[in-house]
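Visitor: sequence and predicted structure below; questions after.
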Amino acid sequence: MGQTRHGPGRIAATAALALAALIMAAPLLWTLLLSLKSNAELLRGTGTAFAPPYTLQNYADIFGHSAVFGWLLNSAIVSLGVTFGVLALSSLAGYGFARLRFPGRDVIFILVLFGLAIPEQSVIIARHQMFSALSLHNTYGGLIFPGLAAPFGVFLMTQYFRAMPKELEEAAWLDGASRFRTFWKILLPLSLPAQATLGIFTFLATWNDYWWPLISATNSDMYTLTVGVASSQMNFAQTNGLGFLMAQAVFASVPILIVYVIFQRYIVAGVSRAAA
Amino acid sequence: MKARARDAASGEALSGALFVAPYLLVFLVLLVYPLVSGIWLSLHKADLFGGSQYIGFENYVRLFKDDVFRKAVWNTCYFVLLTVPALTVIGLALALALNNGTRRSAVLRGLFFSSSVLSVTIVTLIWRMVLVPDGGLIADLLASLHLPSVPFLSDARLAMPAVALTTIWWCIGLPMMLFLAALQQVPKDLYEAAALDNAGWWRTLLRVTLPSIRRTALVVVVIEIILQFQLFGQAQIMTLGGPNNASLPIVLFIYQIGFQRWDIGYAAAASEILFCIILAAAMTQYLASRGRS
């Protein structure tokens, strides 16, 4: 705001903000503390987490426990697969809808936009049956394909290509370049900021998706990290203890927090554009 | 000359179709076909083994008579009422407090958004260890004050509020960021004019800030209604919908019927009802945003 408050109002506002920050941070710190305690000590009481001794044993155990690395690898393969697939399909379709005239173009584009209102849950039963019939469950393809159908990327890239000046491609056409070459050499490099925003949001959404992998990946070898962590949590009695479980939570958060820090600029830009 | 123009036009149509075709194929096979086939399934009594019999609207009639489904619809509405106003108001309050260039605000913005990038399974794992009466953070803090622990997740009255609290903690980043972006767009001269009128902080908020960001407020409310109606993971992992279905949302109902009891036609019918609810919310946003701009 352009101005600040003074007196009791300002003190109350600062106190409320401090309380909110505490509520936000406390569960994260608690998880970190629990992950640094030995399982034996936590059995005596979780209150011990507030005081030393702390140990890295639980993290060492993760490196001996290969299932978590398998889930991490699955998450990476599926998330990168969906991200590159969405970028390729959306860029091609976005250029087609924005720049090339063909019969039925506008009607088809509106139909695709209607797809934005279809929630995953309303197609899940039929999609599950279809993937069963094609034996796609418990395969990388089965985990990747549904993410490619989301219309949001097509919408975003169409808007982006429409806003580019036409002169850019006309020069290339006069030089006799094909349409695909023009797209590939001139427009695609210029659309990198939009690609980055679309890419990071697609990656985050796929990495964190729980619903589809839960239904499709039923073999523990094919679990993604979200499903794997959920299964360790639900089979808690069978796992190696609370400290180990919480170390898994911290370990599973690290990759996505790194991605968040690196791409923060594009995330903020994407949200700002959505608000405007 | 004319012939060349016609060639160019048909070439453009062909390449246009080629550019769009790969996505359209995926769209038709993975979204349109399952949508239509889901509606078709909802009119059948179908099970996992491929047995299927046309029964008209019987699944829908059964849903309206099903106490568990009615409870799930009520629970979901209750959850939306618990979360959406809180997310909107707290998100706006945080945006107002952190809309400045100080280093402290930048750090706090990062903190309040950080939970949003975590997956539902990590968030529920963290919050379960905050909420459980046996060794949870809240129970430990209460014990240090010699107070008894509270069974948040196994008490029918507290289960849904506990899931809502977890969700607010998880989702607060997006509304805050949307409001922050909107606050950046408010013209500076409006604030200068208000300052010249000696308007206080509240008057400036009510007369200048809120009217300028009401479109964003509407977007936030509708996006959150759509998102929170799809509540699933938090309830499935933290409470399994219990105790006694007290925290069973619509999507978990669909999951249990469709993938645990394999009553596929019935689950498809429930998913079509969810689709209608979400479509209505999306339409409201579309109409409202068209009416304003």
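Guide: Ah, there it is.
Visitor: can you give me the strands for the chain?
Guide: Assuming you mean chain A. Using DSSP state E, no strands are found in chain A.
Visitor: um, chain B though
Guide: Going by DSSP E, chain B shows strands at B:44-46, B:52-54.
Visitor: mean neighbour count, those strands: which tops it?
Guide: strand B:44-46 (a mean of 21; mean count of other Cβ atoms under 10 Å in any protein chain shown). Glycine gets a C-beta too; all of them are placed from N, C-alpha and C.
Visitor: quick one, what contacts the residue positioned nearest the centre of chain A?
Guide: With distances taken as Cα atoms, centre = their mean, A:L204 lies nearest the centre of chain A, 1.3 Å away. By Cβ atoms under 8 Å, 6 or more residues apart in numbering or on different chains, the residues touching A:L204 are A:I256, A:V259, A:Y260, A:I267, B:V117.
Visitor: could you give the number of residues near the fourth one?
Guide: Same thing as A:I267. 21 (other Cβ atoms under 10 Å in any protein chain shown).
Visitor: wait, it sits on A:F203?
Guide: No. Applying Cβ atoms under 8 Å as the test, A:I267 and A:F203 come out as separate, 10.6 Å apart.
Visitor: farthest-apart pair in the contacts of A:L204, please.
Guide: A:I256 and A:I267 (11.7 Å; Cβ to Cβ).
Visitor: quick revisit: filter the contacts of A:L204 down to the buried ones.
Guide: A:I256, A:V259, A:Y260, A:I267, B:V117 (16 or more other Cβ atoms under 10 Å in any protein chain shown).
Visitor: nearest to A:F114, of these?
Guide: Nearest to A:F114 among the buried ones among the contacts of A:L204, with distances taken as Cβ to Cβ, is A:I267, at 27.0 Å.
Visitor: ok, that closest one to A:G199 distance?
Guide: 11 Å (Cβ to Cβ, to the nearest Å).
Visitor: which among the strands of chain B is found nearest to chain A?
Guide: strand B:44-46 (8.7 Å; Cβ to the nearest Cβ).
Visitor: what mean pLDDT does that closest one get?
Guide: Averaged across strand B:44-46, the pLDDT comes to 85.
Visitor: measure how buried the closest residue to B:Q236 other than its chain neighbours is and give me the count.
Guide: Once flanking residues are discounted, B:Q236 sits nearest to B:L252: 5.4 Å by Cβ to Cβ, 6 or more residues apart in numbering or on different chains. B:L252 sits with 23 neighbouring residues when counted by other Cβ under 10 Å.
Visitor: what of B:S10?
Guide: 11.
Visitor: how much space separates it from A:F97?
Guide: 18 Å.
Visitor: can you tell me which residues contact residue 267?
Guide: Picked chain A for this. Contacts of A:I267 (Cβ under 8 Å, 6+ apart): A:T197, A:I200, A:F201, A:L204, A:Y260.
Visitor: you looked at the wrong chain, it should be chain B
Guide: Applying Cβ under 8 Å, 6+ apart to B:A267 gives the contacts A:I125, B:I254, B:I257, B:G258, B:F259.
Visitor: mind listing which of those are in helices?
Guide: A:I125, B:I254, B:I257, B:G258, B:F259 (DSSP state H).
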